[in-house]
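Asker: Fold the following, please.
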Amino acid sequence: MPERFALRGAAFRFPGGPALFESLDLAIPAGQFCAVLGPNGSGKSTLLRLLTGWHTPQQGEALLDGTPLRTLDRGAIARRIAYVPQAEEGLFPFQVLEVVLMGRYPRQRGAFAREGPADHAAALRALADTGLEGFAGRTLDTLSGGERQRVLLARALAQEAPALVLDEPTAALDLARQRDAFELLSRLHRSEGRTIVVATHDANLAARFADRLLLLDRGRAAADGAPREVLRAEILEPVFGARLRVLELEDGTPQVLHR
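Answerer: Numbering: from 1, shown residues only. Just a heads-up that it's a prediction; the model follows:
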C-alpha cells in the first residue's frame with residue numbers, strides 16, 4: 001500500500017526549547033485510520049503539524065504521497081489534506097454555511113471564484129454528516145464550543161480531500177457526539193478509503209475505530225501497532241504515570257480503566 005504520509009529522520013524543536021523530535025521515522029499508508037495517543041506535551045499536535053506542512057522539520061524530511069511537503073504550496077496540500085486543529089482563533093462571526101463553504105476554496109479556480117452548485121451541495125452534505133443541518137444560518141458567536149468544533153469538522157469534510165488530519169476533534173463534545181464523530185470518521189475510512197490521522201486522549205474510542213495506534217512519549221514512539229498490541233498496562237503505565245487496567249470487550253477490543 002503506498003505511503004500517504006511519511007517522516008524520514010525528522011527532527012524538530014521550537015526556538016529556544018529542547019528537541020521535541022530528534023530522528024523520527026514514520027509511515028502512514030493511504031487508506032489507514034491511525035490514532036495518535038500520548039500525555040500532554042508528548043508531541044501529538046506537533047506531529048500532526050509536521051505531517052500537514054504547518055511545521056517543517058529542521059532535519060530530515062516530511063513527505064506527502066512521496067513528495068517533500070516543503071516543495072508544495074498550501075493550495076496543493078489543501079487539495080490532499082483537510083486539517084482540523086484543536087481550536088481556531090480569529091474566526092469572525094460568520095454564518096455556519098459560510099465557514100463550511102471555506103473548505104471549498106482549494107477546489108475552486110482562482111482566488112475570486114464564486115461557489116457553484118457543487119460547492120453548496122458538498123457543504124450541505126458536510127452539515128448533514130455532522131448533525132448541523134439546522135445551523136446553516138446561525139453565526140459562530142451563537143454556538144457552544146462543541147458546536148463550533150463540529151463546524152470545523154464540517155468545513156474539513158466539505159474540502160473532500162483524500163486525507164483527514166484532526167487534532168483532538170472530540171475534546172469539546174459530549175459523550176454522544178464524541179462517538180458520532182468517530183463513527184463518521186470510520187465510515188469515511190471504510191466506505192471512501194480516506195486516510196484518517198487523529199490525535200486523541202480517548203484511548204477507548206481510538207481502540208474501537210482505528211486500525212493503528214501510535215503512542216507518543218516525549219517525542220518518541222513508545223508503541224506503534226494494532227490496538228491490542230499498544231493498549232497494554234505495562235506499556236501505558238510508564239507513559240502516563242498512572243495505574244491502569246486493560247479489559248477486553250466481547251469482540252476483543254481493549255478498553256483502558258484506572259485502577
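
Asker: From here on, just use CA atoms for contacts and neighbour counts.
Answerer: Will do.

Asker: how many other residues sit next to the residue lying closest to residue 46 once chain neighbours are set aside?
Answerer: Nearest residue to residue 46 in three dimensions, chain neighbours excluded: residue 55, at 7.5 Å (CA to CA, 6 or more residues apart in numbering). By other CA atoms under 10 Å, the residues close to residue 55 number 18.

Asker: for this structure, which spans come out with low pLDDT?
Answerer: Residues of the chain meeting the criterion pLDDT under 70: 1, 89-91, 109-113.

Asker: Pull the contacting residues for the residue nearest the centre of it.
Answerer: Nearest to the mean C-alpha position of the chain, by CA atoms, centre = their mean, lies residue 166 at 1.7 Å. When contacts are counted by CA atoms under 8 Å, 6 or more residues apart in numbering, residue 166 touches 48, 83, 84, 85, 86, 196, 197, 198, 199.

Asker: that older thread, for the residue nearest to residue 46, helix, strand, or coil?
Answerer: Under the three-state scheme (DSSP: H, G, I helix; E, B strand; the rest coil), residue 55 adopts coil.

Asker: which stretches of the stretch 1-150 of the chain form strands?
Answerer: With DSSP state E, counting those that start in this stretch, the ranges of strands along the stretch 1-150 of the chain come out as 3-13, 19-29, 33-37, 59-64, 67-68, 81-84.

Asker: related to what we said a few turns ago, residue 139 versus the residue nearest to the centre of the chain, what's the distance?
Answerer: Counting by CA to CA, to the nearest Å, the gap between residue 166 and residue 139 amounts to 23 Å.

Asker: how far off strand 33-37 does the top helix by length along the chain point, in degrees?
Answerer: Taking DSSP state H as the criterion, the chain has its longest helix at helix 175-192. If you take axes from the mean of the first three to the mean of the last three CA atoms, to 10 degrees, helix 175-192 sits at 140 degrees to strand 33-37.

Asker: how far out from the middle of the chain is helix 175-192?
Answerer: Helix 175-192 has its C-alpha centroid displaced from the chain centroid by 12 Å (CA atoms, centre = their mean, to the nearest Å).

Asker: Which strands and helices lie in contact with it?
Answerer: Helix 175-192 makes packing contacts with strand 195-199, helix 203-209 when contacts are defined by 3 or more CA pairs under 8 Å, 6 or more residues apart in numbering; DSSP states H and E.

Asker: buried ones in that helix?
Answerer: Neighbour-count burial for helix 175-192 flags 177, 178, 179, 180, 181, 182, 185, 186, 188, 189 (criterion: 16 or more other CA atoms under 10 Å).

Asker: my guess is the fifth one meets residue 170, correct?
Answerer: The one in question is residue 181. Yes: taking CA atoms under 8 Å as the definition, residue 181 is a contact partner of residue 170 at 7.1 Å.

Asker: re the thing from before, each with direction, which strands does the helix or strand hosting the residue nearest to the centre of the chain pair with?
Answerer: For residue 166, the enclosing helix or strand under DSSP states H and E is strand 163-167. Strand 163-167 has its sheet partners listed here by DSSP bridges as strand 81-84 (parallel), strand 195-199 (parallel).

Asker: With respect to residue 38, which of these lies nearest?
Answerer: Nearest to residue 38 among those is strand 195-199 (8.6 Å), distances taken as CA to CA.

Asker: Please identify the deepest-packed of the helices and strands packed on helix 175-192.
Answerer: strand 195-199 (a mean of 26; mean count of other CA atoms under 10 Å).
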